[in-house]
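Colleague: how would this look folded up:
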Amino acid sequence: METIVINCQEVRDEEGFWQLYVETVRPEGAAFFGRNMAAFWDAIFGGGPGWPGDVELLFTNGKALSSIRNGSLLRRLQEIQSQSSRVHVAL
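Modeller: Residues are numbered from 1 along each chain as shown. Just a heads-up that it's a prediction; the model follows:
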């Protein structure tokens, strides 16, 4: 399984996070991907726009995400990490 490393060290806001995701992963349906956590959830669990393929997504320097939306972005990624079996998400 291919591992795609998404280095979050320079991410300062949610828009920057989604831009990094799209540029790094180049997911299917990127033009239609909603660039929010609900759309990411749908992509990971349902294969919708933003689907990264059968890969491992390794988010490095995740601590940088703790200041975005009072930490809710990071918490949602952790939730997806614990529940996803189709795409392996690692922090």
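Colleague: contacting residues around residue 62?
Modeller: 8, 74, 77, 91 (CB atoms under 8 Å, 6 or more residues apart in numbering). (Glycine included, C-beta is placed from N, CA and C.)
Colleague: Can you give me the buried ones in the helix or strand containing the third one?
Modeller: Okay, so that is residue 77. With secondary structure defined by DSSP states H and E, residue 77 is part of helix 72-83. Residues of helix 72-83 classed as buried: 73-74, 76-78, 80-81 (neighbour count, 16 or more other CB atoms under 10 Å).
Colleague: For the lowest-mean-pLDDT helix or strand in the chain, report the contacting residues that lie outside it.
Modeller: Of all the helices and strands that make up the chain, the one with the lowest confidence by mean pLDDT, DSSP states H and E is strand 88-90; it has a mean of 93. Contacts with strand 88-90, where a contact means CB under 8 Å, 6+ apart, come from 1, 44, 55-59, 77, 80-81.
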